[in-house]
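Participant: How does the following fold in three dimensions:
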Amino acid sequence: MLEKNQDISNPTVVIFSSLLLPASQTFVRDLLGEQLENFTAYYVGSRFVRGLTLPSERTTVVNQGNFPGKLVEAAFKFSGFAPNLYQKLKQINPVLINAQFGLSGVLALPLARKLKIPLLVHFRGADATVKEEYARYASVNHWIYYHRREVLKREAKMFLAVSNFIKIKLIEQGFPEEKIITHYDGINIKKISAGCFRNERTYSSVCGALNRKERL
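Facilitator: Residues are numbered from 1 along each chain as shown. Sure, this is the predicted structure:
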């Protein structure tokens, strides 16, 4: 159950990701949600998956993990119908929604409309680079994304691209350039182990998905 944000000096921001939260998406929690200084992050999604832990008092999903939950999730994805979720979100009074990846962006559109708040969408890789003819039927979420993409272009307040390459790909797909901002995630160097430093030189490793359709 969501606990109401008691800190009126730090307004509530909804971080929406369809799946909460795969182990590979530490950037959602560690570099975004838990690093906000002037806002309080609440995590919202379609359903839970095995992976990273999130603060239970600031996390909720549409599908609670049972058979009725699957039906509720389907209704939310295809029509935006989720009255219980809307009620929970109204109680925490968010000022904006930050959706992670384009696929989650289109799922968050009904939430932004209902709550009458801005929608910001992060594009991080394959969601901006894979061609529609290859991805449209890869999953239900992909089909919904391509079905609603033109609406997303019009209604989202801002698109955050994690690199200039991703920004260019979005522009090529017709996303309005004036709405796109390049925003590099970076890393928290304070969390790098002291064992990484040798001979007074600083070493770091660069990791990522080695995919033809993504750029590091």
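
Participant: biggest helix in the chain, by residue count?
Facilitator: helix 140-155 (DSSP state H).

Participant: For whichever helix or strand comes after that one, the averaged confidence score.
Facilitator: From helix 140-155 onward toward the C-terminus, using DSSP states H and E, the following helix or strand is strand 158-161. For strand 158-161, mean pLDDT rounds to 97.

Participant: again with stretch 111-125
Facilitator: Averaged across stretch 111-125, pLDDT comes to 96.

Participant: and if you look at stretch 52-69?
Facilitator: For stretch 52-69, mean pLDDT is 94.

Participant: what does it contact?
Facilitator: In this structure, residues lying in contact with stretch 52-69 by Cβ atoms under 8 Å, 6 or more residues apart in numbering are 1-3, 20-23, 25-26, 29, 33, 40-48, 70, 72-73, 76, 82, 85, 88. Glycine gets a C-beta too; all of them are placed from N, C-alpha and C.

Participant: Only whichever of these are buried, select them in PyMOL.
Facilitator: Command for PyMOL, covering only those of these found buried under the criterion 16 or more other Cβ atoms under 10 Å:
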select buried, resi 2+20+21+25+29+33+40+41+42+43+44+45+46+47+48+72+73+76+82+85
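
Participant: Go through stretch 164-174 and flag the buried ones.
Facilitator: 165-167, 169-170.

Participant: With pLDDT, distance to L103 and secondary structure as new columns, can these be given to me in a markdown table?
Facilitator: Formatted as a markdown table, the buried residues of stretch 164-174 follow (pLDDT from 0 to 100; distance: Cβ to Cβ, whole Å; DSSP: H, G, I helix; E, B strand; the rest coil):
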| residue | pLDDT | distance to L103 | secondary structure |
| --- | --- | --- | --- |
| F165 | 95 | 19 | helix |
| I166 | 96 | 14 | helix |
| K167 | 96 | 18 | helix |
| K169 | 96 | 15 | helix |
| L170 | 97 | 14 | helix |
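
Participant: Flag the shaky bits of the chain, pLDDT-wise.
Facilitator: Within the chain, the segments meeting pLDDT under 70 span 1, 6-8, 187-216.

Participant: one more time with 50, if that's ok
Facilitator: Residues of the chain meeting the criterion pLDDT under 50: 215-216.

Participant: List the contacts of I97.
Facilitator: Contact analysis of I97 by Cβ under 8 Å, 6+ apart lists 13-16, 108, 111-112, 115, 117-120.

Participant: Shouldn't it be within a strand?
Facilitator: Yes - with DSSP: H, G, I helix; E, B strand; the rest coil as the criterion, I97 is part of a strand.

Participant: so can I have TSV of the buried residues of stretch 164-174 showing distance to Y146?
Facilitator: Listed next are the buried residues of stretch 164-174 as TSV, based on distance: Cβ to Cβ, whole Å:
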residue	distance to Y146
F165	21
I166	18
K167	20
K169	15
L170	14
